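Asks: When you get a sec, could you give me coordinates for this:
(chains A and B)
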2 protein chains.
Amino acid sequence: MRWADGFIAVDWGTTNRRGYRIAPDGSLADEFADDLGILSVPKGGFPKAVASLTQRLGDLPMLMAGMVGSNRGWREAPYVPCPAGLPEIAQRIEWVEPGRIGIVPGVCWSDGEAADVMRGEEVQILGAYAAGLVGADATVCHPGTHNKLIRLEDGRITRFRTVMTGEMFNLLSEHSILSDLLSNPVHDGEAFEEGVRRGIEGEALTAEFFSVRARVLLGKAKAEDAASYTSGLLIGADIRTGLKLAGEGEIVAMGRPDLTALYGSALRLCGRTAREVDGEQAFLAGAKHLAELVQ
Amino acid sequence: MRWADGFIAVDWGTTNRRGYRIAPDGSLADEFADDLGILSVPKGGFPKAVASLTQRLGDLPMLMAGMVGSNRGWREAPYVPCPAGLPEIAQRIEWVEPGRIGIVPGVCWSDGEAADVMRGEEVQILGAYAAGLVGADATVCHPGTHNKLIRLEDGRITRFRTVMTGEMFNLLSEHSILSDLLSNPVHDGEAFEEGVRRGIEGEALTAEFFSVRARVLLGKAKAEDAASYTSGLLIGADIRTGLKLAGEGEIVAMGRPDLTALYGSALRLCGRTAREVDGEQAFLAGAKHLAELVQ
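Replies: Residues are numbered from 1 along each chain as shown, chains lettered A, B, ... in the order given. Model prediction:
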């Protein structure tokens, strides 16, 4: 890394952002997070929103990843098509201030009529590979509002699938006929495992969701287990999609530890294991490797 | 039918109700509908809500079906287990006023840990069979907020599956990341058919939903087609579930003509045809047969 005084890496999402100051030796010198996601920034408000970051973390060169590069963000950084590794992404950084303030592009995949996009996760996935946390050929499961299931081949993202897992759970618990049943916390146990097994079977989720209520009405399940069972259904459907991508290869769960633990449990039910990688460490590794590539 | 002056049949759902006065000769003498669904009736308010019906349609014996018999309704009429025909249902009518004001029970199905319930559709399905509109062995698809896919064998409901089709479309269009894309009306055409084909393939719906946005972002689909495509995805997943129930047997689409037409189109894409039956006619036939059985 050659930016003499270090740099700032920002993971700027829809509803929050997280900034890190990386010291010249590559170590983490400072960090900062707030809920100023891109949807909270008014039109024309990005220079001011960036100033609040440099004020907090220092007036240094900056690499920003995530939804800040979308058509709702500061400036659109067009998607890099698969296969995409860090070199391809570094070449397509959108420079707001040349060589000093750059927006990292997302990655897209398409095949015929099918299509998918990501913004932000690519820095984590490819950073984890660059740092040796993930092998060159693996499938990464990155749970969250929009779970990403990503195939990595020869150190590049070759295809991926986004699953609306977290968002669907929120839709059901906040607005659906199941909302009164889904207020309990999700925990890894018998009900969760039963949901995972059903989810993996691949019946239509819209049918499985109604059964959550019917099972309680007919005394087949306890109301307090409904949230864990429903989470299991959704994660089971994810795993089914992920296993198609993964084949017999290595599977890595990356992200928030509470979520990667649930996916780890679900995978064990299919006789598979998933190594867990911390998403923040992976992001920092990716940002540092990008910083080296752009100088 | 022996109630000397005829009777009133009521289809009383969650958000609205529909009452019919049946003349002594079985013909429809009057009808009335409003939005006083059971969720709009205050605790203890059912006698008053019923009085507004008799005031409008006449002080006659009354049979009520639908959510009015649920644990949120007037009085709970416990589900009749499959196999359930009109005779079994007639025997289990919950009489609020013996022989004069009765609540028709719903039907439940369970097998091991799996379970499902219905309230109201059973009168239509079994009424259609009693009136010769549906054969003794058929699969009925009854689209709506909660689509019911029902197997009829020897004139009885033997199993069924509820799919949260309409509710899911509403959740996505009102509260999800797709809401801006789903404001256009759904129409039967190329985008709908493409969605049906994908939905039938059986990939996780949570993955297919995200692709609705990605396809538009990458120029694979037009934003104005997103609602039709998404409706196709949901209906395709329904059809997949329904075909498992139906096997090679007859399929009947029953309900609102605009919805049964979409299901008819979707089924033709799989080389199947569905006869369409009007849900209101079926309900009236079912109510009349029940009235004969209880006297």
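Asks: which one is the residue lying farthest from the centre of chain A nearest to, not counting chain neighbours?
Replies: Going by CA atoms, centre = their mean, the residue of chain A most distant from its centre is A:Leu218, 37.6 Å out. Residue nearest to A:Leu218 in three dimensions, not counting chain neighbours: B:Ala115, with 4.4 Å by CB to CB, 6 or more residues apart in numbering or on different chains. In short, each C-beta sits where N, CA and C put it, glycine included.
Asks: Tell me who's in contact with the one you found.
Replies: Counting by CB atoms under 8 Å, 6 or more residues apart in numbering or on different chains, B:Ala115 makes contact with A:211, A:214-215, A:217-218, A:220, B:108-109.
Asks: Same list (these) but as a markdown table, adding distance to B:Asp11, secondary structure and pLDDT.
Replies: Below are the contacts of B:Ala115 laid out as a markdown table (distance: CB to CB, whole Å; DSSP: H, G, I helix; E, B strand; the rest coil; pLDDT from 0 to 100):
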| residue | distance to B:Asp11 | secondary structure | pLDDT |
| --- | --- | --- | --- |
| A:Ser211 | 24 | helix | 97 |
| A:Ala214 | 21 | helix | 97 |
| A:Arg215 | 26 | helix | 97 |
| A:Leu217 | 21 | helix | 95 |
| A:Leu218 | 23 | coil | 96 |
| A:Lys220 | 28 | coil | 96 |
| B:Cys108 | 19 | strand | 98 |
| B:Trp109 | 21 | strand | 98 |
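Asks: Of those residues, which is the nearest to B:Thr260?
Replies: B:Trp109 (22.8 Å; CB to CB).
Asks: check contacts around the closest one.
Replies: B:81-82, B:115-117, B:157, B:159-160.
Asks: Redo the residues you listed as TSV? Include pLDDT and secondary structure.
Replies: Formatted as TSV, the contacts of B:Trp109 follow (pLDDT from 0 to 100; DSSP: H, G, I helix; E, B strand; the rest coil):
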residue	pLDDT	secondary structure
B:Pro81	98	strand
B:Cys82	98	coil
B:Ala115	96	strand
B:Asp116	98	strand
B:Val117	97	strand
B:Ile157	98	strand
B:Arg159	96	strand
B:Phe160	98	strand
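Asks: which residues touch stretch A:172-182?
Replies: A:169, A:183, A:209-210, A:212-213, A:216, A:223, A:226-227, A:230, B:146, B:164, B:167, B:171, B:174-175.
Asks: could you pull out the strands for chain A?
Replies: Assigned by DSSP state E, the strands in chain A fall at A:7-12, A:17-22, A:28-34, A:62-66, A:80-81, A:94-97, A:101-103, A:107-111, A:114-118, A:138-142, A:147-153, A:156-163, A:251-255, A:274-278.
Asks: The second one pairs with which strands, parallel or anti?
Replies: Paired strands of strand A:17-22, with direction, are strand A:7-12 (antiparallel), strand A:28-34 (antiparallel) (DSSP bridges).
Asks: which residues does the residue nearest to A:Thr260 when sequence neighbours are not counted bridge with?
Replies: Closest residue to A:Thr260 apart from its sequence neighbours, by CB to CB, 6+ apart: A:Ala253 at 3.9 Å. Note on A:Ala253: beta-bridge partners A:Cys141, A:Glu276, judged by DSSP bridges.
Asks: A:Ala253 and A:Val277 touch, don't they?
Replies: Yes - look at A:Ala253 against A:Val277 with CB atoms under 8 Å: they come within range, at 7.3 Å.
Asks: So for these two, which residues contact both of them?
Replies: A:Thr260.
Asks: Tell me how far the residue nearest to A:Cys108 when sequence neighbours are not counted lies from A:Leu245.
Replies: Leaving aside its sequence neighbours, A:Cys108 sits nearest to A:Tyr79 (CB to CB, 6+ apart; 3.6 Å). Counting by CB to CB, to the nearest Å, the separation of A:Tyr79 from A:Leu245 is 19 Å.
Asks: again, but for A:Thr14
Replies: On the measure of CB to CB, A:Thr14 and A:Leu245 end up 25 Å apart.
Asks: Could I get the full set of helices for the stretch 151-295 of chain A?
Replies: Assigned by DSSP state H, counting those that start in this stretch, the stretch 151-295 of chain A shows helices spanning A:165-175, A:190-201, A:205-217, A:226-246, A:257-269, A:279-293.
Asks: And these: which comes nearest B:Ile125?
Replies: Closest of the helices of the stretch 151-295 of chain A to B:Ile125 is helix A:205-217, at 17.3 Å (criterion: CB to CB).
Asks: So which bits of the closest one are buried?
Replies: Buried positions in helix A:205-217, judged by neighbour count with 16 or more other CB atoms under 10 Å in any protein chain shown: A:205-217.
Asks: go on, stretch A:47-54?
Replies: Those would be A:49-50, A:53, for stretch A:47-54 by 16+ other CB under 10 Å.
Asks: Would you mind listing the outside residues contacting that stretch?
Replies: In contact with stretch A:47-54 (CB under 8 Å, 6+ apart) are residues A:8, A:10, A:17, A:19, A:32, A:36, A:41, A:60, A:62, A:74, A:101.
Asks: quick one: which of the residues you listed is most hemmed in?
Replies: A:Ile8 (27 neighbours; other CB atoms under 10 Å in any protein chain shown).
Asks: Which residues of the stretch 51-200 of chain A lie near chain B?
Replies: For the stretch 51-200 of chain A, the residues in contact with chain B (CB under 8 Å from any CB of the partner chain) are A:79, A:108, A:110, A:113-117, A:146, A:161-165, A:167-168, A:171-172, A:174-177, A:194.
Asks: redo that, cut-off 7 Å
Replies: By CB under 7 Å from any CB of the partner chain, the residues of the stretch 51-200 of chain A that approach chain B are A:108, A:110, A:113-117, A:146, A:161-165, A:167-168, A:171, A:175-177, A:194.
Asks: Quick one, which of the residues you listed are buried?
Replies: A:108, A:110, A:114-117, A:146, A:161-165, A:167-168, A:171, A:176-177, A:194.
Asks: what about A:Ala282, distance to B:Ser70?
Replies: 49 Å.
Asks: wait, which of the buried residues of stretch A:47-54 is closest to chain B?
Replies: Among the buried residues of stretch A:47-54, A:Ala49 lies closest to chain B (CB to the nearest CB), at 22.0 Å.
Asks: quick one: that closest one and A:Leu39, what's the gap?
Replies: Counting by CB to CB - A:Ala49 and A:Leu39 are separated by 12 Å.
Asks: What is the burial count for A:Pro185?
Replies: 8.
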